[in-house]
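Asker: Predicted model and sequence below, questions to follow.
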Amino acid sequence: MRKIYFTLILIMGLKFLYAQDTTQLAGKMQFVFAQLNRNAISTGFLEERAFPLVSLTPFNGVLTDSNKVYLNALRATYFTQYSACMLSNNSMLPVDTINQRINQYLPATTAVPVAVHFGEFNSFKSYAATSNLVSIGADDVIHDVPNRTENPYLLRQLFTACPIKSEFENSNFSLVFKSNLFFTNTSLSVSALYIDFDD
């Protein structure tokens, strides 16, 4: 009898579920950040403007226990940075292009490609609003403050890298770096790679 009641409650509850309209959320984000001078945002990417699947701040290239990267984490950092774009034209590749490039190498066998996402982004200084570097209006719109004493944005580095395959049948495999799996929002190019396997 409990199963029947539970099923009825579940069916009644499903009647009220619906997907979130992301166009409304995107429009709200555009509205909130529309008044900011984009010239002060040196990279064109503002972390607070993003749809944050993950915080970008921990992924600065220094390995810690909170920023170990698997393929889904790399995809999440990419999407988060991609959605942080404040420019009229996003210089980053669309997310589906990233997925297509990764998927062309799956299933990986003994030569496993490494995907690399690196770049730069800005974020608000922690005291930007309290030190009158920006103001937040009653309508939640963020405004620049005229004659402010300093730029309210920090410049941050972003780096994630991981093999596109995380489990291996045996210990005999190699890692390869494919140029079409290097994703960035900068004009920097990779000239050398140094890897510390901590062994």
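Answerer: Sure thing, it's come through.
Asker: just for this protein, where's the confidence low?
Answerer: 1-23, 197-199 (pLDDT under 70).
Asker: now the strands for it?
Answerer: Residue ranges of the strands in the chain, as given by DSSP state E, are 111-124, 134-136, 142-144, 153-163, 174-184.
Asker: got the contact list for the third one?
Answerer: The contact list for strand 142-144 (Cβ atoms under 8 Å, 6 or more residues apart in numbering) reads Val32, Phe33, Gln35, Leu36, Asn37, Ala40, Val134, Ser135, Ile136, Gly137. Any C-beta I mention is one placed from the backbone N, CA and C, and that applies to glycine too.
Asker: How about the third one: what's its closest non-neighbour residue?
Answerer: Nearest-residue entry for Gln35: His143, 4.9 Å, with adjacent residues in sequence omitted and distances by Cβ to Cβ, 6 or more residues apart in numbering.
Asker: Tell me how many other residues surround the one you found.
Answerer: Neighbour count for His143, taken as other Cβ atoms under 10 Å: 13.
Asker: How about it: which residues does it bridge to?
Answerer: Ser135 (DSSP bridges).
Asker: Pull up the gap between it and Val190, please.
Answerer: 39 Å (Cβ to Cβ, to the nearest Å).
Asker: Next: Arg156.
Answerer: In terms of Cβ to Cβ, Arg156 sits 19 Å off from Val190.
Asker: In terms of neighbours, single out the busier of these two.
Answerer: Legend: neighbour count by other Cβ under 10 Å for Arg156 and Val190, higher for Arg156 (17 against 11).
Asker: wouldn't that one be in contact with Lys125 here?
Answerer: No. Taking Cβ atoms under 8 Å as the definition, Arg156 is not a contact partner of Lys125, at 11.1 Å.
Asker: which neighbours do those two share?
Answerer: Joint contacts of Arg156 and Lys125 (Cβ under 8 Å, 6+ apart) do not exist.
Asker: before we move on, back to that, between all of the contacts of strand 142-144, which two are separated the most?
Answerer: Within those, Ala40 and Gly137 form the most distant pair, 18.0 Å apart (Cβ to Cβ).
Asker: the more surrounded of these two?
Answerer: Ala40 (15 against 10).
Asker: I'd say the more buried one and Pro152 touch.
Answerer: Yes. Ala40 lies in contact with Pro152 (Cβ under 8 Å); the separation is 7.4 Å.
Asker: Would you enumerate the residues in contact with the residue nearest to Pro58 when sequence neighbours are not counted?
Answerer: Closest residue to Pro58 apart from its sequence neighbours, by Cβ to Cβ, 6+ apart: Asn67 at 4.2 Å. Going by Cβ under 8 Å, 6+ apart, Asn67 touches Pro58, Phe59, Asn60, Thr160.
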